[in-house]
Every structure is written in structure tokens, then in C-alpha cells.
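1. Structure of the sequence below:
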Amino acid sequence: MTDQEQAASQDESAKSLPHLAYAPFDPQVDFYLQSQIFGMGQGTMVPLEYTGWRDEELSWKNTCYLHAGLNPAPTLQVTGPDATRFFSDHCVNTFTNFPAGTLKHAIMCNDEGLVMAHGALLRLGEDDYLSYFLAPYAAYKFYSGGYKAQAEWVNDWFIFQVAGPRSLEVLETVTGQCLHDIPFGHHRASSINGIDVRISRMGMAGTLAYEVHGPTTEAVPIYNAIMEAGAPFGIRKLGLRAYQMNHTPGGFPQSFVHFPPAWGEDKGFMGFLHIPEEVGGAPGIYSGSMGSDIRPRYRNPVELGWAKGIKFDHDFVGRPALEREVQKPRRFVVTLSWNVDDVLDIHASYYREGEPYKWMEPIDLGQHRAMNHLCADKVLKNGKEVGVSSGRVYSYYFRQMLSLCSIDVEHSELGTEVEVLWGDPGTRQKAVRATVSRFPFLNENRNETVDVTTIPCAGRKK
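-> Numbering: from 1, shown residues only. Modelled structure (predicted):
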């Protein structure tokens, strides 16, 4: 095949992949899959791996990465006199100190205090908010609330994640600006090659991280520009497998990875999504020793480690339930470190006669490699169920098998020995020994505490 024929073939391959407008087609990758954005049945085509999940996993600790797999993100902009009242009515967060140019990890709950949606909420102006991943639930509550405001779906903007200790230098190089003036939880306008973008300091990798938002029509040129600027800093493209691996050690529980939102408890919302009632909850693939019952998998903000974000200075949906939970928590979130010998025994069963244990990949992406594959396992203490383990991942950086666990308070002390029941009901199961460890597990050089003044400015000051 001539170079011209090969280029034509690659071009045809790119055209055949839906939602590939957010990142350039990579002919070195032979396995693309649809990311299935958090149960929404949409998403962009993302390679499972680019340079290998081990190499990519190390990037956000040693260098940096660029990830485009969150596109197209459910984005809702709410403007008008009641914009603040709307979000205040439905978010556990305070709005008394939320100036333009800042952002919050916004959390929306139902009357029982169970998480219905969470995501980034950016304040652009006095009556102007931009939300990522709060919709579609936020849209449902807005349309049924009679607020004096306007809600508009934003479908023409992309989200890129750039994370790792060299991420600031990469973005300053590509923008030509000094971005040291963006503290954690803030955002501001910038530009890349003359294209207007918005840069925010946030992320779920745990380490220094930023997001770049811009017009979808310019996504590929901006992607290429970031990769070119990042080459001297060791930037990596991040595939779906490695992206899933940063939530558990980073200490950021995620919908459709660690828990399902409690959508099935609201029949009106299920109808709004046109999800048949017999589905019974958020769409997904449920496995693990917890079985197929979805309700024990729901979570409230306290048992996800988000209690500090709950402020009782306003009325909001779920406040009475969360007041009780904050006053007397039933469960906390911890990291579980799995016993190495027990993990090796599971792998050894694949080479022995008889029924093997459930297959254990580096991370539970499931048979279809879907982002909304929810594996949850029972956590036992002396044979009694005391928690739920989810988001199991092998960390090549820490060389440990880790998971997050919502565990009964009395068993949440560091060093507590428990067992994770590995295997689906009706199959061969194994009680894997595990130790209650720190949360978050990646506890050094956190994004919120990194002093960027120690990093040389790679661009001109604004």
C-alpha cells in the first residue's frame, strides 16, 4: 500500500468513527471504543490505550497527560434572576461565597440525601452559571421548577483534561501566557493559537490538573497544539483504561464508576429520560458480589467523603436527611489495600484445573469496556457485611490493588483488617483480605495544595 493509499484509508477510518471531532484519529491505535459518558449512552470514540496503561498511568505523577474522552459532556448553562436560587435549592453547596471566576464541585441529592448528580459548576457572572455533568438531572429539576431564568444545553464546546506536575508548564507554553494566577477552584479566559478558550484549575487525578474548554469546531487543532507544546515535558495521550485508574487512588468517587446515582428513586426523572420503569435505576452493567440489586449501591455525600462541601446555611433538597447523616454518620469512605497473596491466588486459579475465580483485569471495565460498568463487592468483618467496595484498580505506581470502600464507621480506622468477597453470586467466590488505608491514597502534591510559585512561568504575564 502506497503512502497515499494508507493516508486515504486512515481518513476513511476516521470518518467512520462517531464523535471523533474531539481528538485526531491515531493510526497507531487499533482498538477504539465508545466511552459511554457516565451512563448517558453517548460519548466520543477513545482508544482503550495509546502507549500502554502503565505508561499512561505514570503520566499524572511524573509528567502530564491530555485526555479528550469526556466529550461530548452534558453541559447546561443557566442564566437569569433565579439562576442562583435554582442551584441553591438543589445543591448541598453554599452560594454565599461564590464569586464569578470560581467553580465548585456541586452535589445534588434527593429527599433521602442520596446523590442524584455531581459535577463542576462554574460561575461566569452574577446570574450566569455553567454546569458540567449536573445535567440531565439539573435540566429535569429546572424545567419542573418554574424559575425566572433560562436553561440552555451547550453542545458546541469541548472539555480537555491536562493533568500532572508538568501540566501548568504545558498550558503556559501553548497559550503563551503565565497562568500562575489561576488558583485551585478558579477559571479564566485564555487563548490558544488565537482561539478563545477557558482554563480552569481542577481535575480528578489528585495531582496538579487543569481543564481546557473551547469550541468543538477547533478541538482537533487545539488538541494537536497541546500535544506539540507538551512534547518537551513528556506529555502522554490518555486512553480510557488509564483514565478510569486515576479516580480510586486520587480519592475522587465517580458516578458510574464507584456508585450509581439514585435515578431510579425518581419515576418522574426516569420518564424524563425515557428510561423504561422496569430498568429500575441508572443504566449500567452491574456485577460483583453485591449482586444485581441497585439500591445498596447508592451513596450519600457523607459516605463519599464530601461532607465538607455540605453547608446548612440554606434550604435544599435532602437537607433534613443530610443533617442527620452529618450529625451521626453511618459510613465513611476509605481506601482498601488488597492482600497480595490473595490476589495472586485469584490469578493462579486461571492456570489450574477446576472453576477459576472471576477474571481480574487491572481495572473493572467489564466485558464491554464500558465506563458505566459498575462492579461492587461486599466487604466483610468476621463474616458480617460492613461495607461496599468499588472502583477496584491495580496501581502500577503504588504496586498495589486498591479500591474505595464505604464502610461502617466503627470499622473505618486505619489498619483495620477486613475481607472483600470477590466473585459474582452463583460463581466461585474468594474472601480477599484487605486493609483499611488512607483516603485519598495519593496524598502528596495534591492539586488543591500545590504551590505553583515554585514552578517557573513558561509564558508571558497577562
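2. Centroid-nearest residue for the chain?
-> The structure's the chain has its C-alpha centroid closest to residue 254; by CA atoms, centre = their mean the separation is 4.7 Å.
3. can you give me the helices in the stretch 201-350 of the chain?
-> In the stretch 201-350 of the chain, helices defined by DSSP state H, counting those that start in this stretch lie at 219-230, 240-245, 247-250, 267-272, 319-327, 340-348, listed in chain order.
4. And stretch 445-452, what's buried?
-> In terms of neighbour count (16 or more other CB atoms under 10 Å), stretch 445-452 has its buried residues at 446-447, 450, 452. To be clear about C-beta, it is placed using only N, CA and C from the backbone, and glycine gets the same treatment.
5. Mind putting those residues into a markdown table with secondary structure and distance to residue 101?
-> Below are the buried residues of stretch 445-452 laid out as a markdown table (DSSP: H, G, I helix; E, B strand; the rest coil; distance: CB to CB, whole Å):
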| residue | secondary structure | distance to residue 101 |
| --- | --- | --- |
| 446 | coil | 22 |
| 447 | coil | 18 |
| 450 | coil | 19 |
| 452 | helix | 17 |
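6. Surely residue 213 and residue 197 touch.
-> Yes. With contact defined as CB atoms under 8 Å, residue 213 reaches residue 197; the gap is 6.3 Å.
7. Do I have it right that the residue nearest to the centre of the chain meets residue 246?
-> No. At 9.7 Å, residue 254 does not count as touching residue 246 under the criterion of CB under 8 Å.
8. what is in contact with the two at once?
-> Common contacts of residue 254 and residue 246 (CB atoms under 8 Å, 6 or more residues apart in numbering): residue 204.
9. what's next to the helix or strand residue 419 falls within, contact-wise?
-> When elements are assigned from DSSP states H and E, residue 419 belongs to strand 417-422. With contacts defined as CB under 8 Å, 6+ apart, strand 417-422 is touched by 289, 336, 338, 346, 357-358, 360, 377-381, 386-387, 389, 403, 405, 407, 411, 429-436.
10. how about the closest residue to residue 109 other than its chain neighbours, what does it touch?
-> With CB to CB, 6 or more residues apart in numbering as the criterion, residue 109 has its nearest non-adjacent residue at 3.6 Å, and that residue is residue 318. Contacts for residue 318 were tallied using CB under 8 Å, 6+ apart; they are 92, 109-114.
11. Relative to residue 144, how far out is residue 318?
-> 16 Å (CB to CB, to the nearest Å).
12. now swap in residue 386 and tell me
-> Counting by CB to CB, the gap from residue 386 to residue 144 is 38 Å.
13. Which one's more surrounded, those two?
-> Residue environment comparison for residue 386 versus residue 144 gives the larger neighbour count to residue 386, 21 against 11, counting by other CB atoms under 10 Å.
14. Touching, that one and residue 405? I think so.
-> No. Counting by CB under 8 Å, residue 405 is not a contact partner of residue 386; they are 9.1 Å apart.
15. where do the contact lists of the two overlap?
-> By the contact definition CB under 8 Å, 6+ apart, residue 386 and residue 405 are jointly contacted by 379, 418.
16. need the next SSE after the host helix or strand of residue 140, C-terminal direction.
-> When secondary structure is defined using DSSP H and E, the element that contains residue 140 is helix 137-143. Once helix 137-143 ends, the next helix or strand along the chain (criterion: DSSP H and E) is strand 150-153.
17. could I get the helices of the stretch 201-350 of the chain as JSON lines with mean neighbour count?
-> Output for the helices of the stretch 201-350 of the chain, formatted as JSON lines (neighbours: other CB atoms under 10 Å):
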{"stretch": "helix 219-230", "mean neighbour count": "19"}
{"stretch": "helix 240-245", "mean neighbour count": "26"}
{"stretch": "helix 247-250", "mean neighbour count": "24"}
{"stretch": "helix 267-272", "mean neighbour count": "15"}
{"stretch": "helix 319-327", "mean neighbour count": "15"}
{"stretch": "helix 340-348", "mean neighbour count": "14"}
